[in-house]
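Undergrad: 3D, please:
(2 chains)
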Amino acid sequence: MYKRYKWIVPATFLFLPVTVYLAFVIIPTLNSLFYSFTDWAGYGADFDLIWLDNFARIFTDRLFSNAIKNTATWLALAMSVPTLAGLCLALALQGKNAVNTAYKSLFYLPIALSPIIVGIIWVWIYSPQLGIVNLTLKAIGQEHLARAWLANPDTALIAVFVAWAWQQTGLNMVIFLAGLTSVPVPLVEAARVDGANYWQTLRRVTIPMLRPATVVVMALTAINALKSFEVIWVMTKGGPFNSSDTLAVFMYSESFRKYKMGYGSSIAVVLFLMTLIIIVLYFRQTAAAEELYD
Amino acid sequence: MIRVGSGKVGKPIKWSYLLGRTVLFIVLTALLIVFMLPVYGVIVTSFKSVAEVSTSGYWNLPQSLNLANFIKVLNPDDGNLGLYLKNSLLLTIPASVFSIALGTLAGYGLAKYSFNGNAALFVFMVAGMFLPPQIALIPIFRLMNDIGLYDTLWAVIIIHTAFGIPICTLIMRNFFYTVPNALREAALIDGANDYGIFVRIMLPLTRPALAVLATLQFTWIWNDFLWPFILTQRADSRTVMVGILNLTGQYSVDWGGQAAASFVASLPTLVIFIFFQRYFIRGLTVGAVKG
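TA: Okay, here's the model as predicted:
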């Protein structure tokens, strides 16, 4: 067998996928970096290289700092609410029986829906007159709390977040459930035999054993949170008064509504760098976890 | 509460255990009802006319199973959802097939051949999974304009194929990794070549992995909004998720129409979810179970 043979055969398998991947994923990504140094308007071939001007500008742009602030809020909420809810549901629904199986299916059903549909549905839920939120508040005599949730700058971001979390919770539950199946049953039983109660076992055995699943959930949630666009776009388009304008939405409206594509690219680069930080942290954590278990 | 399984359990402990389970069941059921309210709302509203919604509200049961909203949203002169559904299908099926085919090739090459840089190439191919689409949005918008595919379904098909490669490569590579090498070696001795082995021996084995990927890719591509939103414009190339957002403008006060459209647009992925849930979940948890 010739030595050449060693790479020619795998190359025939890999050539097509690698080419498509390079052409339509990797090169466009690098191209975005290039556009972020230009003032391209989105039409025509004319643009100038302005190097770091876009980046200098975003840091003085009030709308950019607003988007950063909203993204930080969104991220902080995303890292806590749907992750914790997913964990609780997974713990409550672990174990095989008919009720658990049916409940699990229903809790993760929202994953099968498009974020567009999720947005449309939740717009009705928040409807000032006929939405279930305000109707419920009225029914329990708390009418003074009722408001136009999506039209109010104080509540818009949180209201949209709840809709997003509704979908994300099921996904997190699925990952935690998968993680729970890898917690050794004898370990849990040993802790019980040794006299630990449910909460002690949970805190000292189950939760620490769930560390790999937790790392995955945290990383996925953060990445999903940073790129989430659809639900926000359908529900508020970033408004009112930019109060729900996250980086992903801001990037879209600057690029495709105001045709500032060079500027939009620099926002995309910031978003990309934030994702990159999470990915690096994630790989470090998984490497650490693997060391721990090896 | 303690030592439930140890055999030395007295009656009071059993009672508290049962009580705990009952409380948990009630809490979960209440949560589930709240959690399912949005879905319930869509279904009941889709049968109501504008007049009925304004008299009885969105959350009551409909007076009758009136299909007028469904007929209206599918009507080419009204909602035109039929065209958008067809477009979504014409996009989703080829894009799923192409991404899975390319992922299968890449996964096989990476799992079964050792060459310099194999591990690095694998990480590189899978890394695309984590990219936010925003980073490639503008260059791809420009690229599709330049090569004349802007405003065609092909633009979206190509992008979903390319962006599907990471997950498909990951799942197929991990799958082929578990196929014993002895299978390949035995066939080599019998005189088969590498490609014959791939087509005749390996591909027939991939069915479970293909099922996982087919459900995942179909659901993601069908539900995606951002790419067709950026890359298409005319009604003729509009997918159902983009179309439905336009309809919410057209039907701004007609929530019954919006609900019927939402219901119809979600039906394909819901059917897949119901029948292939097992594969769907397995795909979602890839890489999640470790240690």
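Undergrad: only C-alpha atoms from now on, for both contacts and neighbour counts.
TA: Will do.
Undergrad: now residue A:54. Nearest residue, chain neighbours left out?
TA: Closest residue in space to residue A:54, ignoring its immediate chain neighbours: residue A:263 at 5.6 Å, by C-alpha to C-alpha, 6 or more residues apart in numbering or on different chains.
Undergrad: may I have the phi/psi pair for residue B:63?
TA: phi -70, psi -30 (degrees, to the nearest 10).
Undergrad: give me the neighbour count for the residue lying closest to it once chain neighbours are set aside.
TA: Nearest residue to residue B:63 in three dimensions, chain neighbours excluded: residue B:48, at 7.8 Å (C-alpha to C-alpha, 6+ apart). Neighbourhood size, residue B:48 [other C-alpha atoms under 10 Å in any protein chain shown]: 30.
Undergrad: could you pick out the residues of the stretch 51-200 of chain A near chain B for me?
TA: Residues of the stretch 51-200 of chain A lying close to chain B (C-alpha under 8 Å from any C-alpha of the partner chain) are A:92, A:103, A:106-107, A:109, A:112-117, A:120-122, A:125, A:130-132, A:166, A:171, A:174-175, A:178-179, A:182, A:192-193, A:195-198.
Undergrad: dump the residue contacts of the residue in chain B positioned nearest to chain A.
TA: Taking C-alpha to the nearest C-alpha, chain A has its nearest neighbour within chain B at residue B:223, 4.4 Å off. Counting by C-alpha atoms under 8 Å, 6 or more residues apart in numbering or on different chains, residue B:223 touches A:113, A:114, A:115, A:116, B:241.
Undergrad: isn't the first one right next to residue B:269, touching?
TA: So the one you mean is residue A:113. Yes - the criterion here is C-alpha atoms under 8 Å, and residue A:113 meets it with residue B:269 at 7.1 Å.
Undergrad: the more surrounded of the two?
TA: residue A:113 (25 against 21).
Undergrad: quickly find the element holding residue B:34.
TA: Here residue B:34 sits within helix B:11-45, counting by DSSP states H and E.
Undergrad: what segments of the stretch 101-250 of chain B are helices?
TA: B:118-127, B:134-146, B:153-178, B:181-189, B:194-196, B:203-205, B:207-223, B:226-231, B:240-250 (DSSP state H, counting those that start in this stretch).
Undergrad: tell me the most buried of the ones you listed?
TA: helix B:153-178 (a mean of 23; mean count of other C-alpha atoms under 10 Å in any protein chain shown).
Undergrad: and that one, does that touch chain A?
TA: Yes - against chain A, helix B:153-178 shows contacts by C-alpha under 8 Å from any C-alpha at B:158, B:159, B:162, B:163, B:165.
Undergrad: which stretches of the stretch 1-150 of chain B have low pLDDT?
TA: B:1-13 (pLDDT under 70).
Undergrad: the residue nearest to residue B:63 in helix, strand or coil?
TA: Three-state call for residue B:48 (DSSP: H, G, I helix; E, B strand; the rest coil): coil.
Undergrad: for it, what are its contacts?
TA: Residue B:48 neighbours (C-alpha under 8 Å, 6+ apart): B:62, B:63, B:66, B:69, B:256.
Undergrad: so which of those residues wins on neighbours?
TA: In the contacts of residue B:48, the most neighbours by other C-alpha under 10 Å go to residue B:256, 26 neighbours.
Undergrad: my read is that one is in a helix, agree?
TA: Yes - checked against three-state DSSP, residue B:256 lies within a helix.
Undergrad: quick check: closest non-adjacent residue to it.
TA: Sequence neighbours aside, residue B:46 is the residue nearest to residue B:256 in space, at 4.6 Å (criterion: C-alpha to C-alpha, 6+ apart).
Undergrad: ok, that neighbour touching residue B:69?
TA: Yes - if you go by C-alpha under 8 Å, residue B:46 and residue B:69 touch, sitting 6.5 Å apart.
Undergrad: how much space between the one residue in the stretch 1-150 of chain A that gets nearest to chain B and residue B:118?
TA: Residue of the stretch 1-150 of chain A nearest chain B, by C-alpha to the nearest C-alpha: residue A:114 (4.4 Å). For residue A:114, the distance to residue B:118 (C-alpha to C-alpha, to the nearest Å) stands at 36 Å.
Undergrad: host element of the spatially most central residue of chain A?
TA: For chain A, the residue nearest the mean C-alpha position is residue A:224 (1.9 Å; C-alpha atoms, centre = their mean). Following DSSP H and E, one finds residue A:224 within helix A:211-227.
Undergrad: isn't residue A:223 right up against residue B:130?
TA: Yes - counting by C-alpha under 8 Å, residue B:130 is a contact partner of residue A:223 at 7.1 Å.
Undergrad: identify the contacts common to those two.
TA: residue A:275.
Undergrad: those two: which is more packed in?
TA: residue A:223 (22 against 19).
Undergrad: nearest spatial neighbour of the residue nearest the centre of chain B, skipping sequence neighbours?
TA: Among the residues of chain B, the one closest to the centroid is residue B:219, at 2.1 Å (C-alpha atoms, centre = their mean). Nearest residue to residue B:219, sequence neighbours excluded (C-alpha to C-alpha, 6+ apart): residue B:269, at 5.6 Å.
Undergrad: give the contact list for residue B:140.
TA: A:24, A:28.
Undergrad: okay, it and residue A:25: tell me how far apart.
TA: Taking C-alpha to C-alpha as the measure, residue B:140 and residue A:25 are separated by 9 Å.
Undergrad: for residue B:23, same thing?
TA: Relative to residue A:25, and taking C-alpha to C-alpha, residue B:23 is found at 50 Å.
Undergrad: and residue B:92, by the same measure?
TA: For residue B:92 relative to residue A:25 (C-alpha to C-alpha), the value is 19 Å.
Undergrad: between those two, who's got more neighbours?
TA: Each of residue B:92 and residue A:25 has its neighbours counted (other C-alpha under 10 Å); residue B:92 has more, 26 against 22.
Undergrad: what kind of secondary structure is the more buried one in?
TA: Residue B:92 - assigned by three-state DSSP - is helix.
Undergrad: so it touches residue B:224, yeah?
TA: No - under the criterion of C-alpha under 8 Å, residue B:92 is not in contact with residue B:224, lying 9.7 Å apart.
Undergrad: how about stretch A:156-176: buried residues?
TA: The neighbour-count check on stretch A:156-176 (16 or more other C-alpha atoms under 10 Å in any protein chain shown) flags A:156-176 as buried.
Undergrad: what stretches of the stretch 151-291 of chain B score poorly on pLDDT?
TA: Using pLDDT under 70, the flagged stretches of the stretch 151-291 of chain B are B:287-291.
Undergrad: so who does residue B:187 touch?
TA: Residue B:187 neighbours (C-alpha under 8 Å, 6+ apart): residue B:197.
Undergrad: wait, I meant residue A:29
TA: Here residue A:29 is in contact with B:135, B:136, B:139 (criterion: C-alpha under 8 Å, 6+ apart).
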